[in-house]
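# please find the sequence and the predicted model below.
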Amino acid sequence: MRSAWIRAAGLGLASLLVAASCGQGSDQPTSQSLALDQTMRFAIAQDVGTLDPAETYASADLQVAQNLYDGLLRYDDALNVVPDLAAALPTVSADQLTYTFRLRPGTTFSNGDRLTSRDVLYSWNRAAALEGPYAATFSAVAGFDQLPAQPPVPDRLEQLLAANDPSVRLTGLTAPDDATVVVKLARPAGWFGSALALPGSVGMVVDQRAVRTDPAGWSTRPATLVGSGPYRQSGRIPGQSLDFAAVAGWWGDPPPTLRAVHVDVVADATAREAAYEQGRYDINGFGGSTPLSPSDLTRIRSTPRLAAELVTQPGTGSAWVGFNLVHDSVRGAAGPFLTALGQASRDLRLAFALALDRRRLAAACGGLCTPATGGIIPSGLAGYGGDGSDPLAVFDPVRARTLLRGADPDGSRTRGLTFVYDAESQVYRALAESLRDQWSANLEVRVQLQPESHQQLLRDARAGKLVLSRAGWQADYDHPQDWYDNLFGRAAGCPDSNCGSGYDSASFDQVAAQADAKPLPAALPLYRQLAQMLSTDAAYVPLVYSTRMYLVKPYMRGAGANNLLEHPWSEYRILQH
């Protein structure tokens, strides 16, 4: 038996600041204005980890893979869920348990193989059984909880899938004919379509004939990496570069204008920016790259030519201070913030929140983030509370000191506190220093700072070892369920397993279950109740939202992103220059 939320992590924001933005115009140039060479060049910070959509997780994986694969659904630029391989949005039964998809006729893979409903079932069963980072997309599908607790190795899994073995098959997936996919859910899940539309991930369809040529390594070689998207991989030097070519006769419309995409792997942000300014790259900051260095950003903003090429927009990441809220004598993770300590503990948490000026925190980021005042979910995504709506983001040092004196009159409860943050990030270090300084000035509480590697921080937080630490999340798909179920309450494994905060509330769980079962418009008021519960309980201290930014040459068109995703390469074109 498997838990429903394999990926639930509580601290899933691996990097607060991921470069991207909204593009340099959406005009459609005439063919006469296009450059003869439609090859786009840019760099990413790290090589992709995998281009198998059943296993993708890192931003670079998803941003590249979205151009190679299609799913039944996708997001449009306004973040509406729209049909992709499906001919229309699914028909949903009155009880919200059965989704019926009809496939678009004439769809094929990049190698010319016809795409049918059997490929959809194969892809989804395989992704669920492999138990990758986003396998929980299928957690509401009937039969998910009966899959093996440990995924079979790739070769064995292919044998089981070929034999239609029930141990690796979601009973809720059926294909009455080559053009129809029927999904039966074990429970209503209003978020299912939003999760399924995440590009480059488990909802994407792979060619089972290509996968079976080499179950463990098919996605690592251009010859066997087969998808249904507008681009195919044409070359790769691991750790150095990736090349992609437009698929001749791609089934979609219109066909892509870019004929080729070359991607270098350049770890250093300053080196990437220098190459962009020297004309070696057409864009910078795409593909999950780490942000511009503060020194580069300052220079860019003071250079008119470069400033005109810099575009910013709200990001998808949110950072906050996480408390350990649950006492665990086995792990020894006690502290002054435990919910078991009652009102005094809540007042102490609230004091730590009200003692912070978010404008100072954002300034510490060097322009790479904005004050988090609208709740856990960032601006532009479904569930955002609105600017200034979070009472925990109010700066009120007078009240903060009053609350502190009432909860900790002799200072013994807040003596010796340590705040743990991500050692790899200059931004998190700057935020940590600002937190320390503001708590010292406004509460007269001394907090020590302790950097840890991101992965160690995750392990320690999940194990309940940290009393006060950097926490956060980065949106996977545009639905509030992605935030609340992954971070708080029993769905996230709280109070003990796979949960950093320990937040455990029966009323929260009840409202979350009601919200998750409804379509998004009807669910939003319930998700707002969840946000209010977290604020009332002072379960976190909001800090900042990420800001997404990149640079793009004036001759590039279509390059950009919406509030969640980079635009697919098929929308890009290069003008004469």
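Now that the structure is in, tell me what you want to look at.
# switch to C-alpha atoms for all contacts and neighbour counts from now on
Will do.
# checking P314 next. Helix, strand or coil?
Three-state call for P314 (DSSP: H, G, I helix; E, B strand; the rest coil): strand.
# what score does it have for pLDDT?
Note on P314: pLDDT of 86.
# for S570, same thing?
96.
# wait, F323 sits on F337?
Yes. Between F323 and F337 a contact is recorded at 6.6 Å, counting by CA atoms under 8 Å.
# who touches both of those two?
Jointly contacting F323 and F337 under the rule CA atoms under 8 Å, 6 or more residues apart in numbering are V467.
# who's more crowded, the two?
Neighbours were counted for F323 and for F337 using other CA atoms under 10 Å; F323 has more, 29 against 25.
# what's the burial count for G249?
G249, neighbours per other CA under 10 Å, totals 11.
# no no, A163
9.
# what's the answer for A216, then?
Neighbours of A216 (other CA under 10 Å): 14.
# hmm, it is touching D155, no?
Yes. At 6.9 Å, A216 and D155 qualify as touching, with contact defined as CA under 8 Å.
# and for the one helix or strand A513 maps to, what are the contacting residues?
Per DSSP states H and E: A513 is located in helix 506-517. Contacts with helix 506-517, where a contact means CA under 8 Å, 6+ apart, come from 187-191, 481, 484-485, 489-491, 522-524, 526-527, 529-530, 533.
# what about 6 Å?
With CA atoms under 6 Å, 6 or more residues apart in numbering as the test, helix 506-517 has contacts from P188, A189, G190, G489, A523, L526.
# and the strands in the stretch 351-500 of the chain?
369-371, 417-422, 447-452, 468-474 (DSSP state E, counting those that start in this stretch).
# cool, the stretch 151-300 of the chain as well?
173-177, 180-184, 231-237, 241-246, 260-265, 283-284.
# turn those into a markdown table, columns for mean neighbour count.
Below are these laid out as a markdown table (neighbours: other CA atoms under 10 Å):
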| stretch | mean neighbour count |
| --- | --- |
| strand 173-177 | 16 |
| strand 180-184 | 21 |
| strand 231-237 | 21 |
| strand 241-246 | 20 |
| strand 260-265 | 20 |
| strand 283-284 | 26 |
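# among the strands of the stretch 351-500 of the chain, which is the most enclosed?
Most buried of the strands of the stretch 351-500 of the chain by mean neighbour count (mean count of other CA atoms under 10 Å) is strand 468-474; its value is a mean of 26.
# now it and strand 417-422, what's the angle there?
Calculated by axes from the mean of the first three to the mean of the last three CA atoms, to 10 degrees, strand 468-474 forms an angle of 30 degrees with strand 417-422.
# check which helix or strand A127 maps to.
Following DSSP H and E, the helix or strand that holds A127 is helix 117-130.
# so for that helix, mean pLDDT?
Rounded mean pLDDT across helix 117-130 is 97.
# angle of that helix against strand 173-177?
170 degrees.
# who's in contact with helix 117-130?
So helix 117-130 is in contact with 54, 135, 151, 168-169, 175, 178-181, 202, 205-206, going by CA under 6 Å, 6+ apart.
# all strands for the stretch 1-150 of the chain, in order.
With DSSP E, counting those that start in this stretch as the criterion, the stretch 1-150 of the chain has strands spanning 39-44, 73-75, 81-83, 91-92, 98-102.
# could the strands of the stretch 351-500 of the chain be laid out in JSON lines, adding mean pLDDT and distance to A260?
As requested, the strands of the stretch 351-500 of the chain are exported to JSON lines (pLDDT from 0 to 100; distance: least, CA to CA, whole Å):
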{"stretch": "strand 369-371", "mean pLDDT": "94", "distance to A260": "33"}
{"stretch": "strand 417-422", "mean pLDDT": "94", "distance to A260": "37"}
{"stretch": "strand 447-452", "mean pLDDT": "96", "distance to A260": "40"}
{"stretch": "strand 468-474", "mean pLDDT": "93", "distance to A260": "30"}
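# who wins for proximity to P391 among those strands?
strand 369-371 (13.2 Å; CA to CA).
# and the closest residue in space to L185 that isn't next to it in sequence, how far is that from G374?
Nearest non-adjacent residue to L185, counting by CA to CA, 6 or more residues apart in numbering: V141, 4.2 Å away. Going from V141 to G374 by CA to CA, to the nearest Å gives 33 Å.
# do the same with L466
Note on L466: its distance to G374, by CA to CA, is 26 Å.
# picking that back up, what about dumping the CA coordinates of the helix holding A513 to CSV?
The C-alpha coordinates for helix 506-517 follow below in CSV (Å, rounded to 0.1, in the frame of the first residue of the first chain):
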residue,chain,number,x,y,z
ALA,A,506,-8.8,18.2,12.5
SER,A,507,-10.8,21.2,11.3
PHE,A,508,-8.1,22.0,8.7
ASP,A,509,-8.2,18.5,7.4
GLN,A,510,-12.0,18.5,7.2
VAL,A,511,-12.1,21.8,5.2
ALA,A,512,-9.2,20.7,3.0
ALA,A,513,-11.0,17.5,2.1
GLN,A,514,-14.1,19.4,1.1
ALA,A,515,-12.1,21.9,-1.0
ASP,A,516,-10.2,19.2,-2.8
ALA,A,517,-13.4,17.5,-3.9
